[in-house]
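In: structure, please.
(one chain, ligands or ions: 3)
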Amino acid sequence: MRKLRTTHTATTPNAKYAMPKTPEQHAPKPWRFVSSLLGQGSKEILGQQERRDNVLTIAPIGFVVALLFSLFNTLLAPYPLLGAIEAASALLLLLPAIRLARRGQHLRWAENLLMLCGVVVFGALVVVGGVGGTGLFWAYSFPFMAFFIKGQRKGWLWSGLFLLEVGVLLLALRGTPLAYPYDPVQIPHYLSSLLFVSVIAACFNLLRSRFQEKLHEGVLANTATAQHYLDQLQFLALHDPVTKLPNRTRILPLLQDEIRQAQSRHGGLLVIAMRLSRLPEISNIIGSDATNELMQAITGTLHQLLGEGGMLARIAREELLVIFHMRKPQFDLEKTTQMVGSYNLDFEIRGFPVHIDYTAGIAVYPRHGASAEELLHKAEQSMLQALQHGQSATMYDASQDEAFIRYHYRFGRLRDAMAQNQLTQHFQPLINIRTGKLVAAEALARWFDPEEGFISPLEFIPIAESSGLIKPLTRWTIREALHQCALWQTDFPGVAVSVNLSVRSLFDTELLPMLRQLLQETGINPALVRLEVTESLMLSSPEKGMAILHEIVALGVRLAIDDYGTGFSSLGYLKHLPVQELKIDQRFISKLVDDRGNMAIVESTIDLAHHLGLMVVAEGIEDQETMQQLWLLGCDIGQGYYYSKPMPIDDYLSWCHHYQQQQLLGPLAGVDGDADGTAML
Ligand code: C2E
Ligand code: MG
Ligand code: MG
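Out: Numbering: from 1, shown residues only. Ligands and ions are numbered 1, 2, ... in the order given. Prediction:
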């Protein structure tokens with residue numbers, strides 16, 4: 001596996017790039033200056049390019065000047081020897097120096113040729129003297145050139161060489177026609193002033209190069225600081241700041257690399273999109289710093305699991321991408337899916353136990369695609385499918401594409417329908433099997449889409465549940481149902497209302513305040529409100545779920561377990577829940593009479609529930625025979641097409657009137673109208 005950057009140095013850019021002090025910098029100041037003047041501790045700050053530019057600036061100018069002087073000295077002034085030396089130096093020394101510098105080769109030699117030309121031409125100028133002995137003045141420019149071109153230390157070398165040359169020549173040729181302009185007595189003065197000029201040139205060059213050095217250091221430090229921030233910005237643009245993992249932008253090219261490598265080793269890849277559940281809720285409780293720690297712990301665990309065999313990325317706030325190498329391109333998809341969905345992510349963050357649920361979608365290279373985008377897209381698509389079906393892991397399945405598109409189309413339409421108040425409510429009566437009295441009505445959501453017609457809640461409730469629309473939907477259902485119940489109390493006092501409560505809605509922080517406010521607003525007896533929850537509730541978050549259920553019961557509202565028998569919980573387990581009713585799922589009721597197994601289950605459930613003090617409701621009663629059988633088994637309440645299908649509110653109210661009249665005529669009493677509103681008890 002690639003190594004991911006996990007740490008970041010905390011050094012400030014300036015501290016990081018500060019220059020260490022040299023031993024010379026510790027010496028006393030005057031000595032420090034003298035030793036710098038002599039070239040001690042001088043740095044090579046001129047790069048190849050600058051040195052090349054220097055040669056290419058000075059040498060061509062020198063070339064032209066030397067040729068012009070050569071012409072002048074040969075033709076106009078009577079110094080043919082000087083002219084010849086100048087012409088020869090220009091052609092034999094400066095031209096090669098220019099050519100070497102142009103090619104960028106042997107720069108040192110180009111510089112040396114330039115210096116040699118200076119030594120020869122200036123030396124000749126001094127010795128010959130030229131017009132009025134002015135040749136000597138040219139010699140004074142040599143040290144400046146030497147220090148500039150060769151730097152502090154070698155500048156002295158060349159200046160010394162030049163001084164020596166001039167001294168030896170002047171003294172040797174003293175009194176000869178070659179050195180005629182000079183008074184021999186003055187020669188030591190000339191030489192000492194040349195030495196003095198060399199010191200000045202060295203000082204000048206030292207100051208110039210120090211200034212340049214400082215400028216260079218400043219530029220370096222600024223560039224380094226800028227580079228540091230640029231690196232940081234680049235890192236942040238491509239990584240998650242908390243886990244330091246690659247983000248979505250970065251992981252795509254990395255995944256493409258992985259695909260290439262898998263291709264060359266004839267292997268496969270698992271691309272797993274992993275949505276971490278309830279991260280915002282957890283963050284609300286433990287705080288954002290602790291959540292960051294949690295994220296680091298999660299990714300640390302996944303890194304350990306992956307070892308060298310994969311890669312990890314954080315592609316969204318609650319979403320990770322795991323890339324896992326498979327040795328072979330073919331493998332058991334079902335087993336792999338099971339394995340991916342079976343990890344336990346339990347952590348202890350700051351002494352707080354945290355369990356992380358996740359939903360994973362898997363795409364496989366080469367089976368599901370050969371491009372990073374395609375695999376990522378399919379992994380995320382199957383993750384949404386897993387979410388939709390409440391599974392912990394799903395392998396990408398092309399046949400699900402259509403269902404997926406339909407799901408999202410429906411999601412959009414459901415969201416619009418809710419925004420435009422297009423959902424309605426139907427009510428289905430619940431009857432006391434022993435007395436025949438109407439005791440309650442279950443409120444069931446209905447959606448009529450103008451384009452697609454009636455859409456079953458079995459289809460749209462799961463869409464709402466997996467998309468977060470369920471919270472506003474449930475709030476609307478409860479508000480609507482309680483208002484209707486309050487209204488029908490005038491004609492049918494004591495008839496309760498039952499509302500389905502999805503697990504996600506139970507954890508809606510607005511649920512309890514809303515219930516409290518609605519009970520106050522409508523003045524309804526809380527015992528007339530029943531909330532139906534499913535067994536799955538306790539599987540997801542038992543402790544928190546239990547606490548909320550207790551708060552609901554404390555309001556006086558009743559609780560029922562819906563669809564009992566479809567989950568995994570036992571009655572023994574349910575006795576710990578603060579529920580008062582049990583609704584046996586219709587799959588046991590619809591085939592009750594013919595199926596002895598169902599009969600046994602229903603009978604023992606009723607028995608046990610009664611022993612636990614629970615009322616039993618049978619849903620899905622479609623005929624009289626079933627109703628009578630349930631009566632014999634001691635079931636308390638019935639619901640089903642036998643009594644009535646769910647109806648719009650007006651039809652339901654008419655049905656109630658009609659049913660009441662029938663009951664008055666019949667042997668059993670009609671609508672139960674206990675003043676305290678506890679018709680079901
Ligand atoms: P549920 O809560 O178990 O509701 C009972 C379902 O059984 C209703 O289906 C009802 O029409 C149907 N039913 C009642 N008697 C019979 C019968 O004798 N035979 C047959 N075959 N079916 C019968 P519906 O209205 O389609 O609702 C299906 C499920 O959708 C509900 O099951 C409930 O889980 C969910 N649901 C409906 N409305 C809401 C809602 O407002 N909120 C939430 N969270 N879920 C809802
Ligand atoms: Mg129900
Ligand atoms: Mg049910």
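
In: I figured Phe492 hits Trp655, correct?
Out: No: judged on CB atoms under 8 Å, Phe492 makes no contact with Trp655 at a distance of 10.9 Å. Where you see a C-beta, it was placed from the backbone N, CA and C, and this is true even at glycine.

In: what helices and strands are in contact with the helix or strand Leu220 falls within?
Out: Per DSSP states H and E, Leu220 falls inside helix 187-238. Under the contact definition 3 or more CB pairs under 8 Å, 6 or more residues apart in numbering; DSSP states H and E, helix 187-238 sits against helix 13-17, helix 29-37, helix 141-172, helix 248-264.

In: ok, 6 Å please
Out: The elements that helix 187-238 packs onto, with contact taken as 3 or more CB pairs under 6 Å, 6 or more residues apart in numbering; DSSP states H and E, are helix 13-17, helix 29-37, helix 141-172.

In: starting at the chain centroid, how far to it?
Out: 43 Å (CA atoms, centre = their mean, to the nearest Å).

In: what angle separates that helix from helix 141-172?
Out: Our comparison of helix 187-238 with helix 141-172, counting by axes from the mean of the first three to the mean of the last three CA atoms, to 10 degrees, yields an angle of 150 degrees.

In: orientation of helix 187-238 relative to helix 29-37 in degrees?
Out: Counting by the same axes, to 10 degrees, helix 187-238 lies at 90 degrees to helix 29-37.

In: helix 187-238 to helix 248-264, inter-axis angle?
Out: Helix 187-238 runs at 80 degrees relative to helix 248-264, counting by the same axes, to 10 degrees.

In: need the mean per-residue confidence for helix 187-238.
Out: The average pLDDT for helix 187-238 rounds to 87.

In: care to break the chain down by domain?
Out: For the chain, automatic domain parsing gives the domain ranges 30-222, 248-397, 421-680.

In: may I have the distance across the first one, first residue to last?
Out: Spelled out, that is domain 30-222. By CA to CA, to the nearest Å, the extent of domain 30-222 from end to end equals 31 Å.

In: tell me how far it is from the chain's mean position?
Out: Distance, stretch centre to chain centre, for domain 30-222: 62 Å (CA atoms, centre = their mean).

In: swap in the second one?
Out: Remark: domain 248-397 is offset 14 Å from the chain centroid, using CA atoms, centre = their mean.

In: go on, the longest one?
Out: In terms of CA atoms, centre = their mean, the centre of domain 421-680 is set 44 Å apart from its chain centre.

In: contacts (any at all) between ligand 3 and that domain?
Out: Yes: residues of domain 421-680 are located near ligand 3 by CB under 5 Å from the ion, namely 562-563.

In: just the mean pLDDT for that domain, thanks.
Out: 89.

In: now the residue of the stretch 551-681 of the chain found nearest ligand 2: phi and psi?
Out: Nearest residue of the stretch 551-681 of the chain to ligand 2, counting by CB to the ion: Asp562, 4.3 Å away. Dihedral angles of Asp562 (phi, psi; degrees, to the nearest 10) stand at phi -90, psi 160.

In: correct me, but Ala464 touches Arg475?
Out: No: shown here, Ala464 and Arg475 do not form a contact pair, counting by CB atoms under 6 Å, at 11.7 Å.

In: of these two, which one has the most company?
Out: Ala464 (26 against 17; other CB atoms under 10 Å).

In: secondary structure class for the more buried one?
Out: helix (DSSP: H, G, I helix; E, B strand; the rest coil).

In: quick check: closest non-adjacent residue to it.
Out: Once flanking residues are discounted, Ala464 sits nearest to Ile470: 4.2 Å by CB to CB, 6 or more residues apart in numbering.
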